[in-house]
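Enquirer: predicted coordinates and the sequence they were generated for:
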Amino acid sequence: MFDAQCDLAALVYDDNDDPDAILRDFASDLKAHGARVVGMVQTGQCADSSLSAVLVHSGETLLLAQPPAPSTTSSGATGCKLDLSRLQDAGVRIADALAEGADLVIVNRFGKRERNGKGLGFVIERALDTDIPVVIAVSRQSFADWIKFAGGMSVKLACDRHALDAWWRNVSLRTTARIAPDHTTVCEAFK
């Protein structure tokens, strides 16, 4: 059971979806209308070692992949690996921007790092502790892990702009007007 008034939303995507484009356009539109959006959206791909993310609050692009190492195998294959120190640095930069105030936090992905209590999980917790809504891209394959991470306190959104906009309208109207819902939501009861 998910609560439609929850401030934590998972944009659930399949392999053929592009959550990055949806989140990037969403952040851009919100910022154009004066909202303070903090976080990051993935750009580039691991396949070509260009895995990176754009900090939506500053526009800066950060490389997240480890630099390619010279091949030590006879096949010449090199893989893309997430550079955990770069991811942590990005998280610290998001947390610093969050400390200056935000209307929304966008996290590019929920992955095994967050599932294991690392990665950008601390950014999500910090935002929610200060009542700032969060939206995160979650693959359908990782959704069960996401539910465990979020304790079930998340809205499940289709990977499309309409669903994201509808969620944001509901959340931002309540936040802006500071109007409590006419009932205590499950998310509110567990805050």
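Expert: The structure has been received and is ready for your questions. Numbering: from 1, shown residues only.
Enquirer: what segments of the protein are helices?
Expert: 19-32, 84-99, 112-115, 121-129, 143-150, 161-177, 186-189 (DSSP state H).
Enquirer: lowest-confidence stretch among the ones you listed?
Expert: Confidence, taken as mean pLDDT, is least for helix 186-189 of the helices of the chain (a mean of 55).
Enquirer: of the helices of the chain, which is nearest residue 44?
Expert: Between residue 44 and the helices of the chain, the shortest gap by C-beta to C-beta is with helix 19-32, which sits at 9.5 Å. Placement of C-beta: from N, CA and C, glycine included.
Enquirer: tell me the angle of that closest one relative to helix 161-177?
Expert: Helix 19-32 runs at 40 degrees relative to helix 161-177, counting by axes from the mean of the first three to the mean of the last three C-alpha atoms, to 10 degrees.
Enquirer: can you list the buried residues in helix 19-32?
Expert: Buried positions in helix 19-32, judged by neighbour count with 16 or more other C-beta atoms under 10 Å: 19, 20, 22, 23, 24, 26, 27, 30, 31.
Enquirer: return the member of those nearest to residue 147.
Expert: residue 19 (17.5 Å).
Enquirer: residue nearest the middle of the chain, spatially speaking?
Expert: residue 107 (1.7 Å; C-alpha atoms, centre = their mean).
Enquirer: what residues are bridge-paired with it?
Expert: residue 136 (DSSP bridges).
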